[in-house]
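no sequence on this one, just coordinates:
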């Protein structure tokens with residue numbers, strides 16, 4: 001068996017755990033994963049310790065190490081060579097049009113405490129292509145490039161790879177420019193000529209960890225905590241981005257709005273835990289129906305929405321109706337809860353850009369109006385938005401508002417009339433209000 005542990009943990013520390021394993025199960029193979037630059041000698045001297053891995057650890061590196069621990073006796077590898085130390089491998093993209101500066105920065109990186117797999121490009125265009133096609137852990141870029149200058153470089157890179165930390169390496173020591181670069185999205189600002197392996201290593205490590213923390217916070221802020229889907233706020237941002245892209249390149253997209261009709265009954269009858277479990281199953285099924293190319297959001301208690309990127313050359317109406325039908329069909333299948341099986345009905349409406357409007361509010365309102373119309377449609381049929389639907393929805397809302405206002409102002413006048421039999425021309429047995 002293999003035990004992989006950190007050194008610093010709440011309660012029992014990793015080195016205490018390793019000491020106990022040494023006494024209780026000395027045949028166990030142990031690995032330490034740590035963020036510390038150095039490992040205490042008391043840990044290194046333990047016979048069960050076979051290796052030390054420094055954070056951050058790439059999954060492929062960990063797999064290779066674990067495979068090596070189980071190599072047959074006599075073959076070279078971690079299991080037969082005593083405790084080894086594996087420095088983390090970070091994939092770094094250097095964006096620098098000066099060959100001398102790029103080589104100096106690469107040398108500073110490789111001399112630091114972290115191992116790097118470095119790729120160098122000389123233009124912003126090449127950097128954007130690399131970010132689109134390959135995976136990196138950090139970007140180090142000059143501000144002034146052949147095809148970009150100053151803060152536009154920062155904005156372009158952070159826009160193309162918002163999940164990656166960006167460290168600016170510039171020959172300009174202007175503090176004001178450094179502050180503006182960081183406000184534009186850079187994690188840090190280094191000045192050429194002042195690079196050292198200690199400084200570069202520390203800056204890169206801190207930048208990576210800060211970005212990971214930012215990504216975690218962003219995930220919490222943009223995700224529905226129950227289902228894990230994106231929330232309404234993030235969904236609106238993605239619709240806004242799709243709208244801007246569509247206006248720029250003419251690419252169409254669609255919005256699908258889904259209301260789970262019988263959820264309240266389940267929640268009231270079986271309890272909130274059963275309702276939560278049902279919502280998670282509903283979310284999972286919609287994601288399966290949508291596939292990886294579409295964004296699925298929980299936008300209300302029992303309401304979901306999808307952003308569908310449409311394929312060029314295919315009929316847009318057919319694409320959005322096909323997805324809507326797949327969602328409705330998969331939600332009509334029985335759901336298994338702890339108390340048994342239950343069934344749901346789904347009201348589905350859809351809207352297309354640009355027919356539904358050219359603003360975020362207009363498009364989302366159109367999808368909601370189509371979904372509302374689906375509630376009164378025969379057999380809960382899927383409704384694709386048309387301008388008449390929105391007008392009817394607005395008229396219904398206006399009438400409902402006027403009726404409620406009339407109740408508040410006591411403007412209703414109730415008149416009782418006798419029920420008359422027309423054939424016998426005499427009063428019946430009661431009165432009717434009108």
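The structure has been received and is ready for your questions. Values in this document were obtained by computation on a predicted structure and should not be read as measured data. Residues are numbered from 1 along each chain as shown.

what's around the nearest residue to residue 50 once chain neighbours are set aside, how many residues?
Leaving aside its chain neighbours, residue 50 sits nearest to residue 29 (5.1 Å; criterion: C-beta to C-beta, 6 or more residues apart in numbering). All C-beta atoms are positioned from the backbone trio N, CA, C, and that covers glycine. Residue 29 has 18 neighbours, counted by other C-beta atoms under 10 Å.

thinking residue 29 is in contact with residue 18, fair?
No: between residue 29 and residue 18 there is no contact under C-beta atoms under 8 Å: 11.3 Å.

intersection of neighbour lists for those two?
3, 48 (C-beta atoms under 8 Å, 6 or more residues apart in numbering).

re earlier: pLDDT score for the residue nearest to residue 50?
pLDDT recorded at residue 29 is 83.

now do the one 4 residues further on
At residue 33 the predicted local confidence, pLDDT, stands at 80.

And for it, the neighbour number?
19.

In which helix or strand does the closest residue to residue 359 other than its chain neighbours reside?
Of all residues not flanking residue 359 in the chain, residue 243 sits nearest, at 7.5 Å (C-beta to C-beta, 6+ apart). Secondary structure assignment for residue 243, by DSSP states H and E: helix 232-249.

related to what we said a few turns ago, the residue nearest to residue 359 and residue 361, how far apart?
Noted for residue 243: a distance of 11 Å to residue 361, by C-beta to C-beta, to the nearest Å.

Quickly run through the sheet partners of the helix or strand following the helix holding residue 243, with directions.
Using DSSP H and E, the next helix or strand after helix 232-249 towards the C-terminus is strand 253-260. Using DSSP bridges, the strands paired with strand 253-260 are strand 303-309 (antiparallel), strand 346-352 (antiparallel).

ok but residue 281 is inside a strand, no?
No: using DSSP: H, G, I helix; E, B strand; the rest coil, the assignment for residue 281 is helix, not a strand.

residue contacts, it?
335-336.

and what of residue 173?
Contacts of residue 173 by C-beta under 8 Å, 6+ apart are residue 191.

cutoff 10 Å now
189, 191-194 (C-beta atoms under 10 Å, 6 or more residues apart in numbering).

Show me the two of these that sit farthest apart.
Of all pairs drawn from these, the greatest distance, 13.6 Å, lies between 189 and 193 (C-beta to C-beta).

between these two, which one's more packed in?
residue 189 (22 against 9).

Then the more buried one would be within a strand, right?
Yes: assigned with three-state DSSP, residue 189 falls within a strand.

Just the pLDDT for the residue lying closest to it once chain neighbours are set aside.
Once flanking residues are discounted, residue 189 sits nearest to residue 178: 3.9 Å by C-beta to C-beta, 6+ apart. Residue 178 is assigned 93 on the pLDDT scale.

How much space separates residue 178 from residue 167?
11 Å.

Thanks a lot, catch you later.
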